[in-house]
Structures are given as C-alpha cells and as structure tokens.
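> show me how the following folds:
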Amino acid sequence: MEKPIFIFIFFLSALILSAFFTFPKYQEVMNLKSQIEAKRTVLQYKEDRLLQLKDLEEKLEYYKEPLEKLDSVLPKDPDLPNLFNFLEKTALENGLILGEISSFTVSPPKTKEQLGQASVTFSLSGSYSSFKNFLDALEKSARLITLENLSFSSPEEGETFNFDLIIKVSFYSW
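This next block holds a predicted model:
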C-alpha cells in the first residue's frame, strides 16, 4: 500500500515542481507574444501611414505647377535682389530708366497667419505712355505687388516725366 502512495506523492510533487518552473516561462512567452502583437500593430499603422503619405505625394505632384506659381506670387522671403532686378528689367522693357532705389524696409509677419511686407521707394524717368505700360507689367507680374504711393513732376517741354513710386511686396515666412 505504501507503493501507490509513494508513486502518487512522487507524481504530485513532479507536477507541482514542473508547474513551478514552467509557469514563469509560460508567462514570459505570453508576454513576448503580446509584445510581438503590439509591434505588429504599430508596424501595420506605420505601413498604412506610409501608403497615405505616398498617395499624398502623388496628389501633390499633380499640383506641383500651381504650387510653384504660388511660391512665385508669395516667396518665402522678400527676395529683394530679384525684385530689384525685376524692376530694372521691366522698366527697360517699357522704355523707362530706373533711377535710384532710395529706400526699402522689410516688415516680417508677426504671426503665421499674416504676410510680411517689403516696401521699396524708387524713381523712374520716361514718357507717360511708357509709365502706363510699366504699371500694367507690374499688375500682370507673378509677385503680389501693391502700388502704395505715386508722385510725378510735369516736365518742361521736350523733357521726360520723373516718377517717384513706393511699392509694397508681400511674402510669407513660416
């Protein structure tokens, strides 16, 4: 009778010891499984997000030309050298002579929603019809240019007009 009790106790102790040693490993395996599942979920989310970004990139590629035009209308900075070059070129194309650029000021935007302003004061000389053509060219230019002030002196007979202008150019700075 002692033999069956001894066998029963041996099997019971073996079962308890194996449960005692294997249960932590079982919990570790289950923990690793849950971590793997969490990583899979994060990976799936990142893959979905990447697909969305690629789709958005394709859509932006479709609108690339209009966005480039918008960048030329509202450049990121005042880009004064290009503005001065544009004024000189436009004046010459319309038969005017660009005099001196007497002053310029730059007012950066105070918030992201506002535009910055660059104010330029300069003088031109030439005929009235050439000046009219110059103003048309300014109006048709890609940049957002506003004529703030205009003054001119009447010429004596045979002389050219002298025009003094103040323009404002808008830009954004994010």
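> residues in contact with residue 68?
Contacts here follow CB atoms under 8 Å, 6 or more residues apart in numbering; on that basis residue 68 touches nothing. All C-beta spots, glycine's among them, are computed from the backbone N, C-alpha and C.
> for residue 59, see how far away it is.
Residue 68 is 15 Å from residue 59, where distance means CB to CB, to the nearest Å.
> same check on residue 148?
Distance, residue 148 to residue 59, by CB to CB: 38 Å.
> okay, the two: which has more neighbours?
Neighbours were counted for residue 148 and for residue 59 using other CB atoms under 10 Å; residue 148 has more, 13 against 9.
> grab the nearest non-local neighbour of the more buried one.
Sequence neighbours aside, residue 166 is the residue nearest to residue 148 in space, at 4.3 Å (criterion: CB to CB, 6 or more residues apart in numbering).
> can you read off the pLDDT for the one you found?
You'll see residue 166 listed with a pLDDT of 91.
> contacts only, for the residue lying closest to residue 133 once chain neighbours are set aside.
Among residues not flanking residue 133 along the chain, residue 94 sits closest, at 4.3 Å (CB to CB, 6+ apart). Residues in contact with residue 94 (CB under 8 Å, 6+ apart) are 126, 130-131, 133-134, 137.
> the chain: helices as residue ranges?
Assigned by DSSP state H, the helices in the chain fall at 2-62, 64-73, 80-93, 128-140.
> got those as a markdown table, with distance to residue 170 and mean pLDDT columns?
Compiled in a markdown table, the helices of the chain are given as follows (distance: least, CB to CB, whole Å; pLDDT from 0 to 100):
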| stretch | distance to residue 170 | mean pLDDT |
| --- | --- | --- |
| helix 2-62 | 24 | 87 |
| helix 64-73 | 8 | 71 |
| helix 80-93 | 11 | 87 |
| helix 128-140 | 14 | 90 |
